[in-house]
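# No sequence on hand, only this structure:
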């Protein structure tokens, strides 16, 4: 009997072309997981014509972006228990993708439509030594950062705004209005971690926000300029798109 | 003027054939660092015949083993300040090797001979999910571990003993007597971390100790058998050599 399952997934996105399935490559997170679930069902039914399983995620992370707890749902017609599904998937998935929990969800649970908010973390490294052990998960900043200025700049971004200036998709036709609840900047040793929480995010939005805040932190721009950037609704006014490796999807709220 | 420098070094050993320089490969930690320092001096003196710099480490880590704070010393005839040496080295070293500090040491400071003790950490992962973000630095254990039994077994190992059963070099002619002060086993979530502190360690010793403690933790051996293993002075009586990736040199005492 088919059942809707809710999954929590971690992945190191370094090797992948992002979450979303793409033609001509099997190096997407979605593709890897769908392949494993499809093979699982084919094996159970001893039938290689079983349709490809489709998995729905809370959002699509870009190439090179990581997730600690991406949430997804998938309808599976399996005899396996949630624990057995998890064990099977973790055995066959590559070592940089892990299913951390599997639970039976209501038929109406939809990982994308039901998501109420998301937390992203962008991690910067400002030390003179090198971040040897988590070098794939941080962005190295050569200059010291003015965290107070970054916090001041961040205040202009909080709230419901048209974030068109921070949208990586220039052809975006739908609304670019989003609600960004909080931006928390935490310093710990040589690490600076920026936490973003909002209802939903535009393409590359967190990375463009980070690239712009970094310009403020490095003294290239004043905190108040960020207000103008926001009001301009012009992507060219914002800073560069920060590299993907520093970004991690931490949590999805339902 | 030549000066003796003390260095603290971190490295992710995954890609390397260990610390020690070897013929026919440049993929050793020592080799990478010596090459960078040699080029630094050649550049300063504009002389490509400058002798290869020799660096002395507190110990030699095996292929695939990591270090958070390997200590080394090196004599350099340079005009650079310690800060400039560090900056130069970190610029030219690969991203998985970092010099974390450089300081001027007494001429008599010798990183190996003056070392009084070392702390190693062996990290195990016992979760059903996978350790996606530190998968290169942990060893995955499929069975649940009986930590109490491991702690009981560890007690037999503490003290000054002939650790011949735990020596990976079967041709070792020097004394295999060592003093192991402490073995602390810490559980935290799905991680089990075993900390070893001793005056010095034999080849593969920490990994063979870990492989043997794991047999106890997995119920294959009783804690008291470890006493017999120690007394046998026979490598074949001990457990397997645990994989290198879980092992990290944490600290060297002087």
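The structure has been received and is ready for your questions. Bear in mind that the values here come from a model prediction, so they are computed numbers and not experimental data. Numbering: from 1, shown residues only, chains lettered A, B, ... in the order given.
# Which is the succeeding secondary structure element to the one helix or strand residue A:8 maps to?
Taking DSSP states H and E as the criterion, residue A:8 maps to strand A:2-11. Per DSSP H and E, the first helix or strand lying C-terminal to strand A:2-11 is helix A:29-45.
# Quick check: next helix or strand after that next one?
According to DSSP H and E, the helix or strand after helix A:29-45 is strand A:55-57.
# Can you tell me the strand partners of that following strand and which way each runs?
strand A:66-77 (antiparallel) (DSSP bridges).
# Show me what counts as buried in the strand it pairs with.
Neighbour-count burial for strand A:66-77 flags A:66-76 (criterion: 16 or more other CB atoms under 10 Å in any protein chain shown). Where C-beta positions appear, they are placed from N, C-alpha and C, glycine not excepted.
# With stretch A:53-63 instead?
So for stretch A:53-63, counting by 16+ other CB under 10 Å, buried means A:53, A:55-63.
# As TSV, these with pLDDT would be great.
Listed next are the buried residues of stretch A:53-63 as TSV, based on pLDDT from 0 to 100:
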residue	pLDDT
A:53	95
A:55	97
A:56	98
A:57	98
A:58	97
A:59	94
A:60	93
A:61	95
A:62	94
A:63	96
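# which of those lies closest to chain B?
Ranked by distance to chain B (CB to the nearest CB), these are led by residue A:61 at 13.6 Å.
# Now do the contacts for residue A:189.
residue A:127 (CB atoms under 8 Å, 6 or more residues apart in numbering or on different chains).
# Surely residue A:38 and residue A:50 touch.
Yes - Residue A:38 lies in contact with residue A:50 (CB atoms under 8 Å); the separation is 6.5 Å.
# Report pLDDT for the residue of chain A most remote from its centre.
In terms of distance from the mean C-alpha position of chain A, residue A:46 ranks first, at 35.7 Å (CA atoms, centre = their mean). Note on residue A:46: pLDDT of 84.
# quick one, phi psi at it?
Here is the backbone geometry of residue A:46 (degrees, to the nearest 10): phi 50, psi 50.
# That one: what's it in contact with?
Contacts of residue A:46 (CB under 8 Å, 6+ apart): none.
# Report the secondary structure state of the residue of the stretch 151-254 of chain A found nearest chain B.
Going by CB to the nearest CB, chain B is nearest to residue A:248 of the stretch 151-254 of chain A, at 8.8 Å. Three-state assignment for residue A:248 (DSSP: H, G, I helix; E, B strand; the rest coil): strand.
# Who does it form a beta bridge with?
residue A:66, residue A:121.
# Quick check: it touching residue A:137?
Yes - Residue A:248 is within contact range of residue A:137, at 6.8 Å (criterion: CB under 8 Å).
# Give the residue from these two that has the larger number of neighbours.
residue A:248 (24 against 20; other CB atoms under 10 Å in any protein chain shown).
# Help me confirm that residue A:104 is found in a strand?
Yes - counting by three-state DSSP, residue A:104 is part of a strand.
# residues touching it, list them.
Counted by CB under 8 Å, 6+ apart, residue A:104 has contacts A:3-6, A:82.
# So which of the residues you listed is the closest to chain B?
Of the contacts of residue A:104, the one sitting nearest to chain B (CB to the nearest CB) turns out to be residue A:82, at 11.3 Å.
# need the contact list for the closest one.
Per CB under 8 Å, 6+ apart, neighbours of residue A:82: A:5, A:102-104.
# Swap in 10 Å and give it another go.
Residues counted as contacts of residue A:82 (CB atoms under 10 Å, 6 or more residues apart in numbering or on different chains) are A:3, A:5-7, A:101-104.
# for it, phi and psi?
Per degrees, to the nearest 10, the backbone of residue A:82 is at phi -50, psi -40.
# For residue B:114, see how far away it is.
Taken as CB to CB, to the nearest Å, the spacing of residue A:82 relative to residue B:114 amounts to 56 Å.
# Ok, residue A:242 next?
For residue A:242 relative to residue B:114 (CB to CB), the value is 44 Å.
# Look at the two and report which has more neighbours.
residue A:242 (23 against 17).
# So residue A:165: helix, strand or coil?
Three-state call for residue A:165 (three-state DSSP): helix.
# tell me, how many neighbours does it end up with?
24.
# doesn't residue A:230 make contact with it?
Yes - at 6.0 Å, residue A:165 counts as touching residue A:230 under the criterion of CB atoms under 10 Å.
# which residues do the two both contact?
Joint contacts of residue A:165 and residue A:230 (CB under 10 Å, 6+ apart) are A:212, A:237-238.
# Next up, phi/psi of residue A:99, please.
phi -90, psi 120.
# Hmm, residue A:222 is touching residue A:149, no?
Yes - applying CB under 10 Å, one finds residue A:222 in contact with residue A:149, separated by 7.7 Å.
# other SSEs contacting the strand or helix carrying residue A:209?
Residue A:209 is part of helix A:205-217, with elements assigned from DSSP H and E. Contacts defined by 3 or more CB pairs under 10 Å, 6 or more residues apart in numbering or on different chains; DSSP states H and E place helix A:205-217 against strand A:117-125, strand A:139-140, helix A:147-155, strand A:177-188, strand A:191-198, helix A:225-232, strand A:247-253.
# Counting neighbours, which of the shared contacts of residue A:165 and residue A:230 comes out on top?
Greatest neighbour count in the shared contacts of residue A:165 and residue A:230, by other CB under 10 Å, goes to residue A:212: 28 neighbours.
# need the residues of chain A near chain B, please.
Listed as neighbours of chain B in chain A under the rule CB under 10 Å from any CB of the partner chain: A:8-13, A:66-68, A:83, A:86-87, A:89-91, A:93-101, A:127-137, A:140, A:248.
# Can you pick out the residue with more neighbours from residue A:222 and residue A:149?
Shown here are residue A:222 and residue A:149; by other CB under 10 Å, residue A:149 has more neighbours (17 against 14).
# quick one: contacts for the more buried one?
Neighbours of residue A:149 in contact, by CB under 10 Å, 6+ apart: A:213, A:216-219, A:221-223.
# Of those residues, which count as buried by neighbour count?
Buried among the contacts of residue A:149 (16+ other CB under 10 Å): A:213, A:216-218, A:221, A:223.
# among those residues, which two are most distant?
Among the buried ones among the contacts of residue A:149, the pair separated by the greatest distance (CB to CB) is A:218 and A:223, at 12.4 Å.
# Need the overlap of contacts for the two.
A:146, A:149-150.
# Adding pLDDT as columns, could you present those in a markdown table?
Below are the shared contacts of residue A:218 and residue A:223 laid out as a markdown table (pLDDT from 0 to 100):
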| residue | pLDDT |
| --- | --- |
| A:146 | 97 |
| A:149 | 98 |
| A:150 | 98 |
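# So which residues make contact with stretch A:220-228?
With CB under 10 Å, 6+ apart, stretch A:220-228 has contacts from A:143, A:146, A:148-157, A:161, A:165, A:209, A:212-217, A:229, A:234, A:237-239.
# at 7 Å instead, please
A:149, A:152-153, A:156-157, A:212, A:215-216 (CB atoms under 7 Å, 6 or more residues apart in numbering or on different chains).
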